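Q: this one's structure only:
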C-alpha cells in the first residue's frame, strides 16, 4: 500500500502562459495529508481565490484544462503540472500562482518534475486512496473515444494511447505505458506540446497561443517539424497526449 506524499520543502519557478502570454510565478509548498493539489490565485483578492484541482472544478477543456471555483476564480493550463504530480506520486501540494495561467516552461512536464524533485518528496503517514475501475466506461465524441477498463493484473494505471493526424509529420502513433515514477520519467515527462503553423492566426484571433513559441511548442508545418532541434522522441506527439491524459485523469 503506497503512502501519500507531499514535497519536503518549498520551491518556486516562473515563466509565461502559453495562451495568455503573461509572465507568471508559482510557489509550491508542502501540504497535509488528504489536502490534494490546491491552487491559490495570489493575484485575486476580492473573492475566494482557492481552487481545488478536482474534476468538479473543470470549467473549460478547449486547448488546455481550466479549473474554476464557485466565486469565479479561474486557472488555466494545469495539466502539465498535474501530470508531474501524478507521475511522481505527489498527492498533497499547495500551489500559489500570481496569474491566470500556469507557465508553459518548455512545453512538457520535465521542468515541473525537476522543481518537485529538487524540493524533495516526503512520505506521509496516511495511505493513498485510489479509484478501482470495476466495469468498462467509455466516452465517444465523433471519431474520438476514451475508455477506462478494469485492470488485467497490473496494480496501477496502464495507458494505451493512439493518435491519428492527417499531417505526415505525425500520422498514426501508438504507445502503451504501465505508469510508475520510473516510466513517467523515461517515457512521458519530456514530451512537448505541439501545434500547427496553419492554426496560428485563428488561435491568436481567439486570444489563444499568445505565449507559444518554438521554445515551448513543437511546431508542425506541411509535413515537417520546424523546430531546429527536432524531436526528443520519434513518437513525441503521442507521448505528449499521454502526458496530458495522466494530468487530466489525476483530477478524479
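A: Ah, there it is. Note that the structure is predicted; figures quoted are calculated from it, not measured.
Q: can you count the residues close to the residue nearest to residue 161 when sequence neighbours are not counted?
A: Leaving out its chain neighbours, the residue that sits closest to residue 161 by Cβ to Cβ, 6 or more residues apart in numbering is residue 242, at 4.8 Å. Using the backbone N, CA and C atoms, a C-beta is placed for each residue, glycine as well. When counting by other Cβ atoms under 10 Å, one arrives at 24 neighbours for residue 242.
Q: how near is residue 242 to residue 20?
A: 25 Å (Cβ to Cβ, to the nearest Å).
Q: on that earlier part again, wouldn't the residue nearest to residue 161 be in contact with residue 184 here?
A: No - the pair residue 242 and residue 184 does not pass the contact test of Cβ atoms under 8 Å, sitting 9.5 Å apart.
Q: May I ask you to confirm that residue 114 belongs to a strand?
A: No - assessed with DSSP: H, G, I helix; E, B strand; the rest coil, residue 114 is helix; it does not lie in a strand.
Q: which ones are touching it?
A: By Cβ atoms under 8 Å, 6 or more residues apart in numbering, the contact set of residue 114 is empty.
Q: Residue 76 now?
A: Residue 76 makes contact with 17, 19, 20, 60, 64, 65, 66, 100, 101, 102, according to Cβ under 8 Å, 6+ apart.
Q: how about 10 Å then?
A: For residue 76, the contact set (Cβ atoms under 10 Å, 6 or more residues apart in numbering) comprises 17-20, 59-60, 62-68, 99-102, 208.
Q: got it, and residue 59?
A: Counting by Cβ under 10 Å, 6+ apart, residue 59 has contacts 51, 65, 66, 67, 68, 69, 72, 74, 75, 76.
Q: And the biggest helix by length in the chain, what does it pack against?
A: For the chain, the longest helix by residue count, based on DSSP state H, is helix 236-249. Identification of packing neighbours for helix 236-249 by 3 or more Cβ pairs under 10 Å, 6 or more residues apart in numbering; DSSP states H and E yields helix 79-88, strand 144-148, strand 158-164, strand 172-178, strand 194-196, strand 218-221.
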